[in-house]
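Novice: Show me the folded form of this:
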Amino acid sequence: MFLKTKSKFLLNSTRKYFSSNWLSLINLTEDQNALRDMVEKFGKSEIAPIAKQIDKDDHFPREIFNKLGELGLLGMTIPGQYGGSDLGYFEHCLVLEEISRYSASTINEIMSIPMKQY
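Specialist: Alright, predicted model coming up:
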C-alpha cells in the first residue's frame, strides 16, 4: 500500500512540476495557447472518460479519431493547400503532449496515421 501511495504521489508531483514549469521557459503565442486550451478541453471531455477502456480493449474508437480530424489535429504539419492545418512541429508537439495527459494510446494512433495510409 505504501509503495502504491508513494508512486502515485511521485507521479502526480512530477506531472505537476513538468506540466506547469516547462511552459514558463518559453512564451507561447496567443494561437498556441488557444490550441493548447482547445486540446485540453477535448482531452478532458472526450478522451479521459474512456481512456481506461481504450487501454483495456486495445481498441481506439473511430468516433474519437473523427473528432480529432474535425478539430484539424490529424494533419497539423501538412500544408493548407493540401488539406492540412498548416501548423508547425512545435504545435504538433503541444497537441501530442496535451493529449498524452489523458491517454498515451491515443498518441500512438495519431502518430501512426501516415504509416497506416501506405
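
Novice: What residues does residue 78 make contact with?
Specialist: 84-86 (C-beta atoms under 8 Å, 6 or more residues apart in numbering). C-beta here means a position set from N, CA and C on the backbone, and glycine is covered the same way.

Novice: Same list (these) but as TSV, adding neighbour count, pLDDT and distance to residue 47.
Specialist: Converted to TSV, those look like this (neighbours: other C-beta atoms under 10 Å; pLDDT from 0 to 100; distance: C-beta to C-beta, whole Å):
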residue	neighbour count	pLDDT	distance to residue 47
84	14	85	22
85	19	87	19
86	15	88	24
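
Novice: between those, which is closest to residue 101?
Specialist: Proximity of those to residue 101 (C-beta to C-beta) peaks at residue 85, which lies at 20.7 Å.

Novice: wait, that closest one sits on residue 71?
Specialist: No. Between residue 85 and residue 71 there is no contact under C-beta atoms under 8 Å: 9.1 Å.

Novice: thinking again about what came up before, please convert the contacts of residue 78 to JSON lines, extending it with distance to residue 28.
Specialist: Shown next, in JSON lines, are those (distance: C-beta to C-beta, whole Å):
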{"residue": "84", "distance to residue 28": "21"}
{"residue": "85", "distance to residue 28": "17"}
{"residue": "86", "distance to residue 28": "18"}
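
Novice: that older thread, overlap of the contact sets of residue 85 and residue 71?
Specialist: Residues touching both residue 85 and residue 71 by C-beta under 8 Å, 6+ apart: none at all.

Novice: residues contacting the residue nearest the centre of the chain?
Specialist: Nearest to the geometric centre of the chain sits residue 99, at 1.7 Å (C-alpha atoms, centre = their mean). Residues near residue 99 by C-beta under 8 Å, 6+ apart: 39, 43, 47, 106-107, 110.

Novice: Good, we can wrap up now.
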